[in-house]
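Colleague: For reference, the sequence and a predicted model appear below.
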Amino acid sequence: MLNIVGKFLLVVGLIIIIFGYFGPVKSGDPIIGTLFIIIGLVIIASAFIIGKNRTPRV
């Protein structure tokens with residue numbers, strides 16, 4: 001599971017990917033749309049890295 005920061009980053013990454021696909025790519029500017037999609041994927045990957053629940057070590 002993800003903590004609140006991970007869930008927030010996951011939602012933001014998905015919104016950026018959806019915007020990148022339906023915004024610039026559909027209107028005819030694939031380079032900017034591809035950059036948005038790549039940035040969204042990086043944010044989603046960081047959500048799984050940063051947002052992991054850390055178990056306390058005893």
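Modeller: Yep, that arrived.
Colleague: Run through the strands of this protein in chain order.
Modeller: Counting by DSSP state E, the chain yields no residue ranges for strands.
Colleague: low-confidence ranges in it?
Modeller: 1, 58 (pLDDT under 70).
Colleague: Could you rerun that using 80?
Modeller: Low-confidence segments of the chain, defined by pLDDT under 80: 1-2, 24-29, 53-58.
Colleague: With the flanking residues excluded, which residue is spatially nearest to I17?
Modeller: Computed as C-beta to C-beta, 6 or more residues apart in numbering, the closest residue to I17 that is not its neighbour in sequence is G40, at 3.6 Å. Where you see a C-beta, it was placed from the backbone N, CA and C, and this is true even at glycine.
Colleague: Contacts only, for the one you found.
Modeller: Residues near G40 by C-beta atoms under 8 Å, 6 or more residues apart in numbering: 13-17, 20.
Colleague: Also F8?
Modeller: So F8 contacts A47 (C-beta under 8 Å, 6+ apart).
Colleague: Now do the residue nearest the centre of the chain against I49, distance only.
Modeller: Geometric centre of the chain, nearest residue: G13, 2.1 Å, by C-alpha atoms, centre = their mean. From G13 over to I49 the distance is 12 Å, taken as C-beta to C-beta, to the nearest Å.
Colleague: got it, and I38?
Modeller: Taking C-beta to C-beta, one finds I38 at 16 Å from I49.
Colleague: Which one of the two is surrounded by more residues?
Modeller: Higher neighbour count among I38 and I49: I38, with 13 against 9, using other C-beta atoms under 10 Å.
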